[in-house]
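Enquirer: Please find the sequence and the predicted model below.
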Amino acid sequence: MNSRMLEEIQPFILPVIYAVVIVAVLPLLAGYIVLLERKVMAHMQARMGPMRVGPHGLLQPIADAVKLLLKEDIIPDKADKLLFWLAPLGSVTMALLAYAALPLGPTFQIADLDVGLLFILAVSSLGIYGIVLGGWASNSHYSLLGALRSAAQLVSYETAAGLALVSGLLLGGSLSMKALVEAQDQIGVWFIFLVPISFFIYMVASIAETNRAPFDLPEAESELVAGYMTEYSGFRWSLYFLAEYANMIVVSGIATTLFLGGWLRPLASVHQHLGLPFEALDILPALIFLGLAAWCAKLAMRQAVPVQKMVMFLFVGLFVVLAGAMAWSLTSPLMAGIHGAFWFIVKVLVYLYGFLWFRFTFPRYRFDQLMKLGWQFLIPLALVNLLMVAIGLLLHQHFGWWLLWTVILSNGLTLLFAAWLGSENAKPSSTEAEALAAASGGK
Amino acid sequence: MTFDTIIFYFFAALAVVSAIIMVTRRSAVHSAVFLITTLLATAGIFLQLEAEFLFVVQIILYVGGIMVLFLFVIMLVNLDVAVRQIQFSRQSWVGAILAIALGAQILMAFRLGSGAFNLPAASTRAMQPNAEQIGAALFQRYMLPFEIASILLLVAMIGAVVMAKRKI
Amino acid sequence: MLTPSHYLYLSLALFTIGVIGVLTRRNVIIILMSIELILNAVNINLVAFSRLWGSVDGQVFAIFIITDAAAEAAVGLGIIIAFFRNRETVLADEMDLLKW
């Protein structure tokens, strides 16, 4: 009986360990991404960001977490108690559930579902409930309006995101996340170079999906206070916050897997086609860490305070250790896993940096402009892009055209359509034209 | 007690309990939330039956689409007065007895007819890869129903827009 | 050991609860939600038998049922909104315009 039960549980032990690690690490990771965002925002605005708590503000997320945990839990009087309690839970659960199908490396996946990509899309679309129920349960007009706006925005951009992903699926041939990365390995080129317009559509749609600027009207502070999050304080608010940043990481993970090559090293299979020794690039992770260590050492020399000097040297030590681990793993069988995880994390960080960058660069979209962009620009563009990708694939696979020509042809036609669509959208619509005429003519 | 049966009983119990709670709540929003849990439990049953594509379709369409629509409309037509009124209609006892009688009849039909068909114990044919098989079936054998369903959705979309407009 | 009977009984239970919901509640939206429950019960049946026979026909039928449920919910909710705008009520008892 005992050994039979052990046999039954055996395939579940490793995934459960991965799941526990993800759920335990993610809040800390989300906190540090918030710190990263504040630092990047500060440096883009020519200031320094959080510097007080811990050296260079590195303990700021811990201080924030302690504050949020100790804050008083305020529930509005007429709020719907069940839903008020349930909404942040739902948000966080759905955000964390999506990690089940995200592949960090060739073997670092909790579950290699055959329909992995659809599963992540489905679970992301469940995040709407956390927002809508939270806004409703707060029993406040602003919260409800913010929640409904946010939900409408999410639903609008889901379609465009799905269509952009489908064009990547056409190239990959399977819904399983692992198979998509392996398809990119086989073709030898990342999908972003084959369908850059899909990547662009997905990037815009994913920014709107996660309620980030410039699409953050529902939760911007100068708008409806904080939208659906207004009445939440303390730990409940931190759950919403965690859900938002977890969603950001999931969306970056999907974009990385589908368009940026997942866990593949840059130029991973190019040597097969060109015969050059690109395998030497495998030493890149170790070199990157050594470079970071050298930079930290240079910065350490310039620190005024002894504590900061010590912390910098600690970082030097950390990076040297990581460089050693990367170099050692070149000879061990775990190499594919560790190097794969390194490249995946680097690509996710690059995509996240894009998120952060856009937040501090673009002004906010007004809600009707947002909806117009989603429905009248992105969805037609995504449909035409899908059609062109399918035509390009047909020409390449059945008629044997060279890949470069089909890529140029399909993307060129889509760009022409996009230019036409943009000029059509820029003209005021009939109702707007009437309003303009009435305003200027009826004076 | 294999893992399969445990999963089945878990999702089945969740579905039935959620459904009972759903038809007895005062507030329509609470009913909607419990319908969502019922639908998720049904999706779990689909996954346990190795119908992965249907599992995902149930979540995306039913839970992520139809229930969001329900929630929006509930929030639009929500009346505080309605929550304090009587929830069950005057014929609820008769209706409940009739429904249970119907259920009992179907149950008797199951019990009496359980030996009528030669049901194989379990399927030996492979059902994988599930999404590809459904795709092939939808686009080859069931192409006409597929197109008709698209036209149906178009008509429903136009109908819903027209019904909900203030001025046609 | 799971036989198709288990799924039949589950779908019967959900179907009965759905019918009770349709026949006993006053709020029209909850009646619509009970109808969705009935459709789901039928879906469980179809998928269970599709697994038994090893063919995807049952699952394709279930997909069509889900599609139809979406269309029906959209139009039904549109009707409810239109009626609510006119009569300010969502209770089935009070929708008696055609009564003599």
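Expert: In hand now; what should we look at?
Enquirer: Give me the contact list for stretch A:155-165.
Expert: A:117, A:121, A:124-125, A:128, A:198-199, A:201-202, A:204-206, A:208-209, A:215, A:254, A:258, A:371, A:374-375, A:378-379, A:381-383, A:385-386, B:68 (Cβ atoms under 8 Å, 6 or more residues apart in numbering or on different chains). Yep, even glycine has a C-beta here, placed from its N, CA and C like the rest.
Enquirer: Quick check on those residues: which are buried?
Expert: Neighbour-count burial (16 or more other Cβ atoms under 10 Å in any protein chain shown) applied to the contacts of stretch A:155-165 gives A:117, A:121, A:124-125, A:128, A:198-199, A:201-202, A:204-206, A:208-209, A:215, A:254, A:258, A:371, A:374, A:378-379, A:381-382, A:385-386, B:68.
Enquirer: Next, name the residue at the spatial heart of the chain.
Expert: The chain I'm using is chain A. Using Cα atoms, centre = their mean, the residue of chain A that lies closest to the mean C-alpha position is A:Ser252, 2.6 Å off.
Enquirer: I was thinking of chain B, sorry if that wasn't clear
Expert: Centroid check for chain B by Cα atoms, centre = their mean gives B:Leu39 as the closest residue, at 5.8 Å.
Enquirer: and it, that one's in a helix?
Expert: Yes: with DSSP: H, G, I helix; E, B strand; the rest coil as the criterion, B:Leu39 is assigned to a helix.
Enquirer: That one is in contact with B:Tyr62, isn't it?
Expert: Yes: contact criterion Cβ atoms under 8 Å: B:Leu39 and B:Tyr62 qualify, at 5.0 Å.
Enquirer: Residues in contact with both of the two, list them for me.
Expert: C:Glu36, C:Asn40.
Enquirer: in chain B, which helix or strand is least confident?
Expert: helix B:80-84 (a mean of 62; mean pLDDT, DSSP states H and E).
Enquirer: So which residues of the stretch 301-443 of chain A form helices?
Expert: A:306-328, A:335-359, A:367-372, A:379-397, A:403-426, A:430-441 (DSSP state H, counting those that start in this stretch).
Enquirer: Counting by contacts, list what the fourth one packs against.
Expert: Helices and strands touching helix A:379-397, as assessed by 3 or more Cβ pairs under 8 Å, 6 or more residues apart in numbering or on different chains; DSSP states H and E, comprise helix A:141-172, helix A:196-209, helix A:403-426.
Enquirer: If you count neighbours, what's buried in the helix or strand hosting B:Tyr9?
Expert: Counting by DSSP states H and E, the element that carries B:Tyr9 is helix B:3-22. Neighbour-count burial for helix B:3-22 flags B:Phe8, B:Phe11, B:Ala12, B:Leu14, B:Ala15, B:Val16, B:Ser18, B:Ala19, B:Ile20, B:Ile21, B:Met22 (criterion: 16+ other Cβ under 10 Å).
Enquirer: which one is C:Glu36 nearest to, not counting chain neighbours?
Expert: C:Ala69 (6.0 Å; Cβ to Cβ, 6 or more residues apart in numbering or on different chains).
Enquirer: Now name the helix or strand holding that neighbour.
Expert: Taking DSSP H and E as the criterion, the element that holds C:Ala69 is helix C:57-87.
Enquirer: So what's the gap between that helix and the chain middle?
Expert: Distance of helix C:57-87 from its chain centroid, counting by Cα atoms, centre = their mean, to the nearest Å, is 9 Å.
Enquirer: Using CSV, lay out the helices and strands packed on helix A:379-397 together with mean pLDDT.
Expert: What follows is these, written out as CSV (pLDDT from 0 to 100):
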stretch, mean pLDDT
helix A:141-172, 88
helix A:196-209, 93
helix A:403-426, 87
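Enquirer: Of all those helices, which one comes closest to B:Gln140?
Expert: B:Gln140 lies closest to helix A:141-172 among these, at 18.4 Å (Cβ to Cβ).
Enquirer: centre of the chain versus that closest one, how much separation?
Expert: Helix A:141-172 has its C-alpha centroid displaced from the chain centroid by 14 Å (Cα atoms, centre = their mean).
Enquirer: What angle do helix B:3-22 and the biggest helix by length in chain A make with each other?
Expert: Counting by DSSP state H, the longest helix found in chain A is helix A:2-44. Computed by axes from the mean of the first three to the mean of the last three Cα atoms, to 10 degrees, the angle separating helix A:2-44 from helix B:3-22 equals 60 degrees.
Enquirer: Just checking, which helix or strand succeeds helix A:2-44 along the chain?
Expert: helix A:60-70.
Enquirer: Contacts for that next one, please.
Expert: With Cβ under 8 Å, 6+ apart as the test, helix A:60-70 has contacts from A:27-28, A:31-32, A:34-35, A:38, A:50, A:53-54, A:234-235, A:237-238.
Enquirer: 10 Å - rerun?
Expert: If you take Cβ atoms under 10 Å, 6 or more residues apart in numbering or on different chains as the criterion, helix A:60-70 is touched by A:27-36, A:38-39, A:49-54, A:57, A:59, A:233-239, A:241-242.
Enquirer: For ChimeraX, write the select line for the buried members of those.
Expert: Here is the ChimeraX command that selects the buried residues among the contacts of helix A:60-70 (16+ other Cβ under 10 Å):
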select /A:27,30,31,33,34,35,36,38,39,49,50,54,57,236,237,238,239,241,242
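Enquirer: got the helices and strands packed on helix A:379-397 as CSV, with distance to A:Lys81 columns?
Expert: As requested, the helices and strands packed on helix A:379-397 are exported to CSV (distance: least, Cβ to Cβ, whole Å):
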stretch, distance to A:Lys81
helix A:141-172, 15
helix A:196-209, 29
helix A:403-426, 45
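Enquirer: do you know how far B:Ile59 is from C:Ala48?
Expert: Remark: distance between B:Ile59 and C:Ala48 (Cβ to Cβ, to the nearest Å) = 19 Å.
Enquirer: A:Ala208 too?
Expert: From A:Ala208 over to C:Ala48 the distance is 39 Å, taken as Cβ to Cβ.
Enquirer: list the helices and strands the helix or strand where A:Ile288 lies packs on?
Expert: Element membership of A:Ile288 [criterion: DSSP H and E] is helix A:284-301. With contacts taken as 3 or more Cβ pairs under 10 Å, 6 or more residues apart in numbering or on different chains; DSSP states H and E, helix A:284-301 sits against helix A:306-328, helix A:335-359.
Enquirer: Ok, which of these comes nearest A:Ala151?
Expert: Among those, helix A:335-359 sits nearest to A:Ala151 (Cβ to Cβ), with 20.9 Å.
Enquirer: where does the stretch 301-443 of chain A dip in pLDDT?
Expert: By pLDDT under 70, the weakly predicted segments of the stretch 301-443 of chain A are A:333-336, A:429-430, A:432-433, A:441-443.
Enquirer: okay, now the closest residue to B:Ser92 other than its chain neighbours: neighbour count?
Expert: Distances taken as Cβ to Cβ, 6+ apart put C:Thr24 closest to B:Ser92, at 3.8 Å, once the chain neighbours are dropped. By the criterion of other Cβ atoms under 10 Å in any protein chain shown, C:Thr24 has 23 neighbours.
Enquirer: And C:Thr24, how far from chain A?
Expert: C:Thr24 is 23 Å from chain A, where distance means Cβ to the nearest Cβ, to the nearest Å.
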